[in-house]
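>>> Sharing a model prediction with you, sequence too.
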Amino acid sequence: MRERRSARRPDQRRRATQVRLVSLTLGGCSGGGGDHAPVRPGWPVGGTRRNARHRKLAELLGGPEAFRQYAPSWQPVFLDLAGKTPAELLQAAGEWLNALALVRADDEEADAFRTFLEQVLRRLEGLAERDRVRWYELVRFALIWALYRRPRPEREDLIAVAQASQTNVARQKEVQAVGMTIAEALKAEGKAEGNAEGRLDDAREMLQGLLEEKFGPVPAAVRQRIHATTDLARLHAAARGVLHLGSLDDFKL
């Protein structure tokens, strides 16, 4: 299996994952009922720049300016994660804030991140007796974040740490099952991406080889065009068309 990822892919994934995962469990972020004001996480959730914009609900509304006078006067509670350390979030009131410690610990060394994962899951364990569904959602959030964001060699240890964090045997097995399911999904995703990238590389090499066979050394500009192409069908069509080319000047991709 080939593991080739573009230089931009980690940043794109990080931003998409942050939005998706933070949205996943935003409800109940204070760990209580529905009487709390909404929380809007500061962006970027894993970064260091603090967000000082949009402090009133009216500022978040689009449309004509005249409509804003009808917006409720209350102010949302803004959660600026960039202004919190992982340790502060871990000690905060509310399981959702505790879970967000993993987001802020994203860049920690492996040992430190494992410690934060263990501490977060231990704090969540008490929730299992009060609200099992919420406990499961937050455990799943923590494991998705940990297994998705950390390097692949760390995954096995992270699952073991997560399992050991629970004192109840049944919950240990459940946490392990959740972790293994996520790890398998990520493994399958990586394999699919590796296979797709491998097919692109093969098609690029075949096309360049056909051009070299017919016209000799291929100019750098043409090689760059070939390797910049990510459409497999276009690469195959171009390879089939090499036979009909009169010169490299006629090559289109």
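Done, it's in. Residues are numbered from 1 along each chain as shown.

>>> pLDDT below threshold where in the protein?
In the predicted model of the chain, residues 1-63, 72-79, 191 satisfy pLDDT under 70.

>>> Show me it divided up by domain.
9-167, 199-250 (automatic domain parsing).

>>> Tell me which of those domains is the most buried.
Mean neighbour count (mean count of other CB atoms under 10 Å) peaks for domain 9-167 among the domains of the chain, with a mean of 16. C-betas here are computed from N, CA, C, even on glycine.

>>> Could you dump the domains of the chain into TSV and include distance to T181?
Below are those laid out as TSV (distance: least, CB to CB, whole Å):
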stretch	distance to T181
domain 9-167	9
domain 199-250	28
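
>>> Of all those, which one comes closest to E193?
Closest to E193 of the domains of the chain, according to CB to CB: domain 9-167, at 8.7 Å.

>>> in this protein, which spans are strands?
39-41, 77-79 (DSSP state E).

>>> Helices of the stretch 101-250 of the chain, start to end?
101-104, 110-125, 127-130, 132-149, 155-164, 169-215, 220-228, 232-241 (DSSP state H, counting those that start in this stretch).

>>> okay if I get those helices as a markdown table plus distance to A87?
Below are the helices of the stretch 101-250 of the chain laid out as a markdown table (distance: least, CB to CB, whole Å):
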| stretch | distance to A87 |
| --- | --- |
| helix 101-104 | 8 |
| helix 110-125 | 9 |
| helix 127-130 | 20 |
| helix 132-149 | 16 |
| helix 155-164 | 18 |
| helix 169-215 | 23 |
| helix 220-228 | 45 |
| helix 232-241 | 48 |
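
>>> Any idea which of the ones you listed gets closest to A82?
Of all those, helix 101-104 sits nearest to A82, with 8.3 Å by CB to CB.

>>> which helices and strands does that closest one pack with?
The contact analysis (3 or more CB pairs under 8 Å, 6 or more residues apart in numbering; DSSP states H and E) places helix 101-104 against helix 9-24, helix 86-90, helix 110-125, helix 132-149.

>>> mind checking which of those helices is nearest L245?
Closest to L245 of the helices and strands packed on helix 101-104 is helix 9-24 (CB to CB; 33.5 Å).

>>> ok, back up a step: between the helices of the stretch 101-250 of the chain, which one is closest to L248.
Comparing the helices of the stretch 101-250 of the chain by CB to CB, helix 169-215 comes nearest, at 5.1 Å.

>>> how distant is that closest one from the center of its chain?
16 Å (CA atoms, centre = their mean, to the nearest Å).

>>> Next one: A99 relative to L207, how far apart?
To L207, A99 is 48 Å away according to CB to CB, to the nearest Å.

>>> Please apply the same query to R68.
R68 sits 56 Å away from L207, going by CB to CB.

>>> Kindly report the same for E108.
Taking CB to CB, one finds E108 at 44 Å from L207.

>>> before we move on, what about V139?
V139 sits 48 Å away from L207, going by CB to CB.

>>> same check, this time on T167
According to CB to CB, T167 stands 59 Å off from L207.

>>> ditto for E88
In this view, E88 and L207 are 54 Å apart by CB to CB.

>>> and if you look at R132?
From R132 across to L207, the span is 56 Å (CB to CB).

>>> ditto for A188
Distance of A188 to L207, given as CB to CB: 29 Å.
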